[in-house]
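> Predicted coordinates and the sequence they were generated for:
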Amino acid sequence: MNPLPKMKLSDVDLSDPEFWIAPIEVREAAFKTLREEAPISFTEEFEPPPDMPLPKGPGYWSLTRHRHILEASRNPEVFCSGKGATSVIDMPEQMLEFFGGMINMDEPRHTKQRKIISRGFTPRSLKRIEDAVDRRAARIVDRIIERGECDFVAELAAPLPLEIICDMMGIPESQSQFIFERSNKILGLGDPDYMAEGENPIMAAMGAGAELAGLMREMATARRKSASDDLTSALINATADEDVLTDAELASFFILLVVAGNETTRNAISHGIKALCDNPGERARWAADFEGLAPVAVEEIVRWSSPVIYMRRTLTRDYRMDDVEMREGDKVALWYASANRDADVFVDPFRFDITRTPNEHLGFGGPGPHYCLGANLARREITAMFRQIFERMPDLEITGAPERLASNFVHGIKRMPCRFTPGRVAA
């Protein structure tokens, strides 16, 4: 990373869309200024463009320090998720239900759904998923190993989490490209690469979500007629007095899985390889003891990349944090990306260090009921992909600047070319 520019507090505007396409050093400098000078600050909301027919919101509180985000995460009864967790903009209730699923729920509804979903993660199913991760990672490298170059994001980072989700849900591999394109449209809200000229972003996202929901309705119909050993069957078929997911809940969960489980892992892998290429000393250290360092290296990749930039909460009552008084109904943004650079928690936070310990990052969210359900699977996927790279593509290098996603929610990379010495498909 280049040296951070100096930034005045008065120049920081987290609601300006231009801020999120500025160089990453500008973003990091802005959050550093906020942590040091106004760690709990009130942020005005931007005026939605004409193609996004929503009123301008009342603004929100920005939490930028690690300890403040921990405090909010550990108090879900005060910092609730049910009013929306994935956007500081107040979205229509239909969108909250459709795209957020459990993320946009509070107790007791959240606990009930999480219990149903955890039923699909038995020791037997987890073992099957873990075995599939290693096989899939090898097959993904097989597909490009003889070419010597590829788009790292589309052909190495993106396929693994997406194909594992399809495996888990019992979705045919032939549908993976369909799912990939729709998930890009949902998370690329506002990115011109994923929107047709003049297209309404909200309607485009709703349309993509409706297509994914239609796929899951077809899956649910098929699995009710003939259950299989997959997660879809486990979620909609029950024994005795077990609860199940409705078709609408299943569709919402699947969209959440595609967005949270696919996009975030692929971006951690993408940012991880860029960091390793930019820091050859760290790459050499990991290569010398891949298995021994993998657990701590993966945690540093997640801290460094911070794939989910923030989550929103809404106050259920007046609340005082340090010397700041916040009021019932106020919106609060938990800026995980900022917390993961907090010098009060991380020594030399702008250094990529694959042996960093301790590493209490918030890359999987804060502690509490909304901590990422798929964190361990994500760790497994990241490890499996880098194992393949180190073993079979040890000289892989990034050959062009990453093309970043225009988003204040997902720290995404859309495209990133790479090259390597061509090898052989595994026997």
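Yep, that arrived. Numbers count the residues shown, from 1 in each chain.
> what helix or strand is residue 332 on?
Take DSSP states H and E as the rule and residue 332 turns out to sit in strand 331-335.
> which other helices and strands contact that strand?
Packing partners of strand 331-335 (3 or more CB pairs under 8 Å, 6 or more residues apart in numbering; DSSP states H and E): strand 60-63, helix 66-73, strand 310-315. No exception for glycine: its C-beta is placed from N, CA and C like everyone else's.
> again, 10 Å this time
Under the contact definition 3 or more CB pairs under 10 Å, 6 or more residues apart in numbering; DSSP states H and E, strand 331-335 sits against helix 24-37, strand 40-43, strand 60-63, helix 66-73, strand 79-80, strand 310-315.
> For residue 387, find the nearest of these.
If you check each of the helices and strands packed on strand 331-335 against residue 387 by CB to CB, helix 24-37 wins as the nearest, at 27.3 Å.
> Residue 243: neighbour count?
11 (other CB atoms under 10 Å).
> The one 10 residues further on now?
Residue 253 is surrounded by 22 other residues when neighbours are defined as other CB under 10 Å.
> Let's verify it: helix, strand, or coil?
Secondary structure assignment for residue 253 (DSSP: H, G, I helix; E, B strand; the rest coil): helix.
> Tell me the pLDDT of residue 287.
The score at residue 287 is 97. That number is its pLDDT.
> so where's the stretch 101-250 of the chain uncertain?
Applying pLDDT under 70 to the stretch 101-250 of the chain picks out residues 120-122, 189-190, 198, 239-241.
> at 90 what do you get?
The model of the stretch 101-250 of the chain has pLDDT under 90 over residues 101-132, 165-169, 172-177, 180-210, 212-213, 224, 227-250.
> residue boundaries of the helices in it?
Remark: helices assigned in the stretch 101-250 of the chain by DSSP state H, counting those that start in this stretch are 109-118, 123-144, 152, 159-169, 176-187, 201-225, 231-236, 247-256.
> ok, residues contacting the third one?
If I follow you right, that is helix 152. 144, 158, 269-270, 273-274, 277, 389, 396, 398-400, 402, 413, 415-420 (CB atoms under 10 Å, 6 or more residues apart in numbering).
> Can you select the buried ones among those for me in ChimeraX?
Restricted to buried positions by 16 or more other CB atoms under 10 Å, the ChimeraX selection for the contacts of helix 152 reads:
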select :144,158,269,270,273,274,277,389,396,398,402,413,415,416,417,418,419,420
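> follow-up on the earlier one: right, and the helices of the stretch 101-250 of the chain - which one's nearest residue 34?
Nearest to residue 34 among the helices of the stretch 101-250 of the chain is helix 176-187; the distance by CB to CB comes to 24.6 Å.
> And that closest one, what's buried?
Buried residues in helix 176-187, counting neighbours by 16+ other CB under 10 Å, are found at 176, 179-180, 182-187.
> Give me the residue at the spatial middle of the protein.
The residue lying closest to the centre of the chain (CA atoms, centre = their mean) is residue 264, at 3.0 Å.
> That one and residue 301, how far apart?
The gap separating residue 264 from residue 301 is 12 Å, by CB to CB, to the nearest Å.
> try residue 269
For residue 269, the distance to residue 301 equals 8 Å [CB to CB].
> so what's in contact with the two at the same time?
Common contact partners of residue 269 and residue 301 (CB under 10 Å, 6+ apart): 307, 382, 386.
> Wait, the last one touches residue 275, no?
No - Residue 386 sits out of contact with residue 275 when judged by CB atoms under 10 Å, with a separation of 11.4 Å.
> So what are the sheet partners of the strand holding residue 332 and their directions?
When sheet partners are counted by DSSP bridges, strand 331-335 sits next to strand 60-63 (parallel), strand 310-315 (antiparallel).
> pLDDT at residue 2, what is it?
Here the pLDDT value assigned to residue 2 is 72.
> burial of it, as a residue count?
By other CB under 10 Å, the residues close to residue 2 number 8.
> got it, and the one 10 residues further on?
Residue crowding around residue 12 was assessed by other CB under 10 Å; the count is 22.
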